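> Okay, sequence plus prediction incoming.
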There are 2 protein chains.
Amino acid sequence: MAGPLRIALAGLGTVGAGVIRLLDANAALIARRAGRRIEITAVSARERLKDRGVDIARFAWDDDMTAMAARDDVDVVVELVGGSDGPALTAARNALAQGKALVTANKAMIAHHGLELAQAAEAAGVALKFEAAVAGGIPVIKGLREGAAANAILRVYGILNGTCNYILSTMEDTGRDFADVLAEAQARGFAEADPAFDIDGIDAAHKLSILASIAFGSRIDFTPVETSGIRRVLAADIAQADQLGYVIRLIGIAEADETGLFQRVHPYLVPRAHPLAHVDGATNAVVAEGNFSGRLLFQGAGAGDGPTASAVVADLIDIARQTVEGGEVGAPFSIPVAELEPMAPAASGNRVGKAYLRFIVADRPGVLAEIAAAMRDAGVSIVSLIQQGGQAHLGGADAGEPVLIALVTHDGPERCIAEALRLLEGSASLAEAPLVMHILGD
Amino acid sequence: MAGPLRIALAGLGTVGAGVIRLLDANAALIARRAGRRIEITAVSARERLKDRGVDIARFAWDDDMTAMAARDDVDVVVELVGGSDGPALTAARNALAQGKALVTANKAMIAHHGLELAQAAEAAGVALKFEAAVAGGIPVIKGLREGAAANAILRVYGILNGTCNYILSTMEDTGRDFADVLAEAQARGFAEADPAFDIDGIDAAHKLSILASIAFGSRIDFTPVETSGIRRVLAADIAQADQLGYVIRLIGIAEADETGLFQRVHPYLVPRAHPLAHVDGATNAVVAEGNFSGRLLFQGAGAGDGPTASAVVADLIDIARQTVEGGEVGAPFSIPVAELEPMAPAASGNRVGKAYLRFIVADRPGVLAEIAAAMRDAGVSIVSLIQQGGQAHLGGADAGEPVLIALVTHDGPERCIAEALRLLEGSASLAEAPLVMHILGD
């Protein structure tokens, strides 16, 4: 058996503590599978003395996490600090500059600086791995980069944020409204005190941009991801969608077309027959559609210390196996950075699909005609339209109270919907801006 | 870029032709991802002149597929002949003996001879890969061997045979009976003319034994897999299960307990809230439960030329990447064969769970009491019991016609159910042997 793979662990939050627990619990098994032991030699975090439920006294302590890579007794730096920049990025850069492999769970850092880091890793001939950055414990980076490697990927999409999925599926199960369920999720520790990163779709967008780069061989490009979150989804929307045969899920989707790379995070209506419609709670799921494989689905826990630690250590086992004989470590994004294509952001206006539009309007004559006329003038063809008064959340059924109008369109270009909304802009009939949710196509 | 990886393709059925089509269609993409081209240099099959819809004139032809490994222009033999022994096994042995890597889609050969072949591959320091042998295009061997490598696996189970799943889900959707749906599936090419391997569970058992070995680090052991198929499942069983909140799926399940390794292929009742309950048609899905990852689900097309070719070529890309610099190829079963544990077959009698029991009985007084007494005497506790006459498939509702009694048990050891059936053995009340289907536990 070769010598141990020696780890410096930067960051001792729940995931860091999970990695320590996992390496303790499964040490013998991991050594058999990896062909060598995986041992933590040094750790670092902001606070040394905090109780984390794991014994860290047996490891060397470094006050400066960004300097751990320089240690002679370290082969791999595991970065679990978080944040796209700051000490996490410095620690990552230093690791690669010292010729040490890097494993990270940091989606924001990879979304923003992944290409720079991958280039440094390639230049140094060391591994850069980030399975834990996307969809927690689910081996979806590996699934795309290796499992689906024989395929041109037509589309990659999925449920990438467990907090949003927990909120939406709880709203669905209970009929409760967004704010109420969010508050409960926060109280139970399922949502952050500042939930914006999750519920506004930014976390999912980070993950999507990483998946898209691997799927399409494109330079990672987070900025153009069209991102909307779930704050405006009403219990009434979920009820309407249900009647129409759909559930609502925050979906990140990436697709290459003739104009470039389309990337969007958006609350989609998902047909009940689609596998993603059955993904409930904090679960994540990713679908990759290959030109030979067809639809591949990867599903599991998208967060939590155990699942995330499982992904981090899977990366370490890969490194332990591959470097035991000085083997090839592989390009972090499947294709070397120099060969990744810069793909232009695709225009969404030409995308063809169905959509759900919801209006909150004043209950007075002519409103329906005004909306219908705008749809007609913009070339939006309507499959079904429902007008409902008396929604409890809208404040009762009295005349004059706002009412909800929901409609579903036929397949059509998205620019027509944008045009219809433009025609309605500033209308005194609308009590608030309309909400558009696209319908996930087959 | 390194020189091409040169392939000898043994077997030119639908999968072999699919591999040729895939390597043609995605050649440039694969070269970018693998860092080198993957090229077929020689092919072989039983018949040379058959029209396969692909041009094979550009490849060298070998009449003797078992001798292809000896060619100087071949790095990897891809065996797509099928059959656990015969020319497939000879071709595989010869490849490894010649120090050539071997990729195969042959589940029967791996289930019966996988350890011998893996040992030969390890001795030769070459790769033996068989992603396509289990669950078609789904990268589940990789998912278990690498993606979940950090975990002790508590249980691995799934829908491993597309033909059975197609038949069961079609019975469910249409209310039609088994023989009728099977005949249609055969006419449409979804089931073999001789369907025994599929519908009796043998194909699924081959795949399960392979998964179990990787999941539990045990020596592959096909013989003790408790195997039953779906021939006896009635439309009435599916209707009963539906009323109780279950669907019926042929599930292969492997689990380690204190007595050894339990492996079973069996039509299970699956609670409707379980992800496998939504797997319809010819789709396959595998669940691996890790002690840190939690439940991981891999789902996709379980058969077909495109998906199977996708898995074969993924293996080739892995080999092309890993051997470009003389890197490590890894143990085929994750752990070297010499270190795999011989695990005794676990006794099923101590397994605790719920079960569905169905009896076809003569419609006369006292039958229900007889069954209830046998259950009581054997210590089987009943949750619910339904007696139904007038099932069309049982031949009408007239008095004296056979009727169906279905019951669901509380959690209890399986040996009690076996004992109850023993007590009822030979009873003149039973029109046919009872059918037991276990209920998939959480």
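All right, it came through fine.
> what residues does stretch A:330-342 touch?
With C-beta atoms under 8 Å, 6 or more residues apart in numbering or on different chains as the test, stretch A:330-342 has contacts from A:114-115, A:117-119, A:121-122, A:127-130, A:144-145, A:149, A:213-214, A:216-221, A:322, B:32-33, B:35, B:321. All C-beta spots, glycine's among them, are computed from the backbone N, C-alpha and C.
> So among those, which ones count as buried?
For these, a burial check counting by 16 or more other C-beta atoms under 10 Å in any protein chain shown picks out A:114-115, A:117-119, A:121-122, A:127-130, A:144-145, A:149, A:213-214, A:216-218, A:220-221, A:322, B:32-33, B:35, B:321.
> Out of the residues you listed, name the ones that lie in helices.
A:114-115, A:117-119, A:121-122, A:213-214, A:216, A:322, B:32-33, B:321 (DSSP state H).
> May I see these organised as JSON lines, with distance to A:Gly281 and pLDDT added?
Compiled in JSON lines, these are given as follows (distance: C-beta to C-beta, whole Å; pLDDT from 0 to 100):
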{"residue": "A:Gly114", "distance to A:Gly281": "29", "pLDDT": "98"}
{"residue": "A:Leu115", "distance to A:Gly281": "34", "pLDDT": "97"}
{"residue": "A:Leu117", "distance to A:Gly281": "33", "pLDDT": "98"}
{"residue": "A:Ala118", "distance to A:Gly281": "33", "pLDDT": "97"}
{"residue": "A:Gln119", "distance to A:Gly281": "38", "pLDDT": "97"}
{"residue": "A:Ala121", "distance to A:Gly281": "35", "pLDDT": "97"}
{"residue": "A:Glu122", "distance to A:Gly281": "38", "pLDDT": "96"}
{"residue": "A:Ser213", "distance to A:Gly281": "28", "pLDDT": "98"}
{"residue": "A:Ile214", "distance to A:Gly281": "26", "pLDDT": "97"}
{"residue": "A:Phe216", "distance to A:Gly281": "30", "pLDDT": "97"}
{"residue": "A:Gln322", "distance to A:Gly281": "35", "pLDDT": "82"}
{"residue": "B:Arg32", "distance to A:Gly281": "38", "pLDDT": "95"}
{"residue": "B:Arg33", "distance to A:Gly281": "34", "pLDDT": "95"}
{"residue": "B:Arg321", "distance to A:Gly281": "36", "pLDDT": "90"}
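> could I get those residues as a markdown table with distance to A:Asp177?
Shown next, in a markdown table, are these (distance: C-beta to C-beta, whole Å):
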| residue | distance to A:Asp177 |
| --- | --- |
| A:Gly114 | 37 |
| A:Leu115 | 41 |
| A:Leu117 | 41 |
| A:Ala118 | 43 |
| A:Gln119 | 47 |
| A:Ala121 | 46 |
| A:Glu122 | 49 |
| A:Ser213 | 37 |
| A:Ile214 | 37 |
| A:Phe216 | 38 |
| A:Gln322 | 50 |
| B:Arg32 | 49 |
| B:Arg33 | 46 |
| B:Arg321 | 50 |
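> Could you pull out the helices in chain A for me?
Secondary structure of chain A by DSSP H: the helices cover A:14-25, A:27-34, A:86-97, A:107-124, A:140-142, A:162-174, A:178-187, A:196-199, A:202-216, A:235-244, A:305-322, A:367-378, A:414-424.
> so, in contact with chain B or not, the fifth one?
Yes. Part of helix A:140-142 sits close enough to chain B to count as contact by C-beta under 8 Å from any C-beta of the partner chain, namely A:Lys142.
> before we move on, back to that, most packed of the helices of chain A?
Of all those, helix A:140-142 carries the top mean neighbour count, a mean of 29, counting by mean count of other C-beta atoms under 10 Å in any protein chain shown.
> pLDDT below threshold where in the stretch 101-250 of chain A?
Low-confidence segments of the stretch 101-250 of chain A (pLDDT under 70): none present.
> Show me which residues of it are close to chain B?
Proximity of the stretch 101-250 of chain A to chain B, by C-beta under 8 Å from any C-beta, involves residues A:131, A:137-139, A:142-143, A:146-152, A:217.
> which two from those end up farthest apart in space?
A:Gly137 and A:Ala152 (27.5 Å; C-beta to C-beta).
> For the two, indicate the residue with more neighbours.
Between A:Gly137 and A:Ala152, counting by other C-beta atoms under 10 Å in any protein chain shown, A:Gly137 is the more crowded of the two (31 against 18).
> which one of the helices of chain A lies closest to B:Ile238?
Using C-beta to C-beta, the nearest of these to B:Ile238 is helix A:235-244, at 25.8 Å.
> quick one: the closest one to helix A:162-174, angle?
With axes from the mean of the first three to the mean of the last three C-alpha atoms, to 10 degrees defining the directions, helix A:235-244 sits at 70 degrees from helix A:162-174.
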